[in-house]
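Undergrad: Prediction below, plus the sequence it came from.
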Amino acid sequence: LLAIRDTEMSSFVVASADLWLRRAEVEEKRDKVHKESKALLDYTRKAITKLTELKRMLEKFKNDVEKQQVEQMADWQTKLVMMDSKERQYILQVSNYKDKALAALAIEDKKRQYAAAEKYLEDVLQSALTTPGL
């Protein structure tokens, strides 16, 4: 009777020890998986934070580009208006110079005509003074 009990007891002890070892292995695996999960969760959180930061930077860059485009277009528009004004001013100045040049030519032409008329009159007077019979 004692031998059967010892066998049952030793089987129980062996089974308990085996269960205890398996339990320890499972807990060790669970701890390992828990640590890996925690590391992955931390990595994921950092990745999400970095992604959010990059999205903000991208949005800021888009806004900066749009702002610079608007400023550049306004600057070009201002320069275009200035250039248009300068063009009109230069066209007017060229036109004025042409009127002045034409006026100078007309004055020179009148001076030549006056000089020619004066010379003709002088020649007629000279000829009248030198002609004997009058």
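TA: It's in.
Undergrad: Flag the shaky bits of the chain, pLDDT-wise.
TA: For the chain, residues meeting the criterion pLDDT under 70 lie at 1-7, 133-134.
Undergrad: let's see 80
TA: 1-10, 132-134 (pLDDT under 80).
Undergrad: so where do the helices sit in it?
TA: 2-130 (DSSP state H).
Undergrad: ok, Glu27 to Val70 distance?
TA: 64 Å (CB to CB, to the nearest Å). Every C-beta, even on glycine, is put in place using the N, C-alpha and C of the backbone.
Undergrad: same deal with Arg30?
TA: From Arg30 to Val70 the distance is 59 Å (CB to CB).
Undergrad: cool, Glu118 as well?
TA: Counting by CB to CB, the gap from Glu118 to Val70 is 71 Å.
Undergrad: and what of Phe12?
TA: 85 Å.
Undergrad: got it, and Glu87?
TA: 26 Å.
Undergrad: what's the answer for Lys55, then?
TA: 23 Å.
Undergrad: ok, now Leu129?
TA: 87 Å.
Undergrad: now Asp123
TA: Asp123 is 78 Å from Val70, by CB to CB.
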